[in-house]
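Q: output the structure for:
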Amino acid sequence: MHHFTFLDIVWALIGAAKWTVLLSLIAFAGGTVVGLIVLVLRVSGKRPLVAATKLYIEFFQGTPLLMQLFLAFFGLALFGIDVSPLTAAAVGLTLFASAFLAEIWRGAVEAIPHGQWEAARSLALGFGKQLRLVILPQALRLAIPPTVGFSVQIVKGTALASIIGFLEVTKAGSVITNVTFQPFTVYGLVALIYFVLCFPLSVASKWLEKRLAIGRSH
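A: I've put the predicted structure just below:
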């Protein structure tokens, strides 16, 4: 039986952390695309679309992420779609992220003075161009800090993907613990890896918030 040294454990967890980072990036990128679509429909003013996006957001904000991952993994299988743990985790986390990002961005859009919409309409711009050329560039400034802050929740959310068999850093920690019988060491290192991934994002979010607040005050 192979004896795991401390360095063996560290390198094994770092190897698994690459999958945590990959899943986080996929979920954030996917959540950005889907969240932007949800945002546009949410502020469109068309009642059926607004009602549908409200329901979408309420569902993904009001139910546990763990349940959403189970539905993505086992639910697709009911329709004969064979999905890997990575695909299911990516789909579940993307939809989860999109609901929260859409709400963050909606708050930023609604913070833009109504006069900006009126000014855009006076230029005979359609709704799409009003958003793209006038409103979103201004809202982006307000949305960046909370968006970066939310990315921390995505990174931590990847830990739940271990439940559906995705081998990220938490799942790797569980496997290594079963072999080495060193739970304190292994999970201590797992916690340290999450800290290393999340702390810079938290700091960046706070720094951007202060920086942009100073910029608005000038």
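Q: how about the helices in this structure?
A: 6-42, 47-62, 65-70, 76-78, 85-110, 114-122, 127-129, 136-157, 169-180, 183-217 (DSSP state H).
Q: give the buried residues for the third one.
A: So that's helix 65-70. Across helix 65-70, burial judged by 16 or more other Cβ atoms under 10 Å covers Leu65, Gln68, Leu69, Phe70. No exception for glycine: its C-beta is placed from N, CA and C like everyone else's.
Q: by contact count, what packs against that helix?
A: The elements that helix 65-70 packs onto, with contact taken as 3 or more Cβ pairs under 8 Å, 6 or more residues apart in numbering; DSSP states H and E, are helix 85-110.
Q: quick one: list the elements packing against the helix it packs on.
A: helix 6-42, helix 47-62, helix 65-70, helix 136-157.
Q: where does the prediction get shaky in the protein?
A: 1-2, 214-218 (pLDDT under 70).
Q: my guess is Lys54 meets Val43, correct?
A: No - using Cβ atoms under 8 Å, Lys54 is not in contact with Val43, being 11.7 Å away.
Q: more crowded one of the two?
A: When Lys54 and Val43 are compared for neighbours, Val43 comes out ahead with 21 against 12, by other Cβ atoms under 10 Å.
Q: contacts for stretch 159-170 next, please.
A: With Cβ atoms under 8 Å, 6 or more residues apart in numbering as the contact definition, stretch 159-170 has outside contacts at 13, 16-17, 19-20, 23, 65-66, 69-70, 72-73, 85-86, 88-89, 92-93, 158, 171, 174-175, 190, 193-194.
Q: show the buried residues in those residues.
A: 13, 16-17, 19-20, 23, 65, 69-70, 72-73, 85-86, 88-89, 92-93, 158, 171, 190, 193-194.
Q: nearest spatial neighbour of Leu71, chain-adjacent residues omitted?
A: Gly92 (7.3 Å; Cβ to Cβ, 6 or more residues apart in numbering).
Q: surely the one you found touches Phe74?
A: No - the criterion here is Cβ under 8 Å, and Gly92 misses it with Phe74 at 11.0 Å.
Q: and Glu209, how many neighbours?
A: 16.
Q: in contact with it, which residues?
A: Contacts of Glu209 (Cβ under 8 Å, 6+ apart): Pro145.
Q: next: Ile154.
A: Counting by Cβ under 8 Å, 6+ apart, Ile154 has contacts Ser24, Ala27, Phe28, Gly31, Leu93, Ala97.
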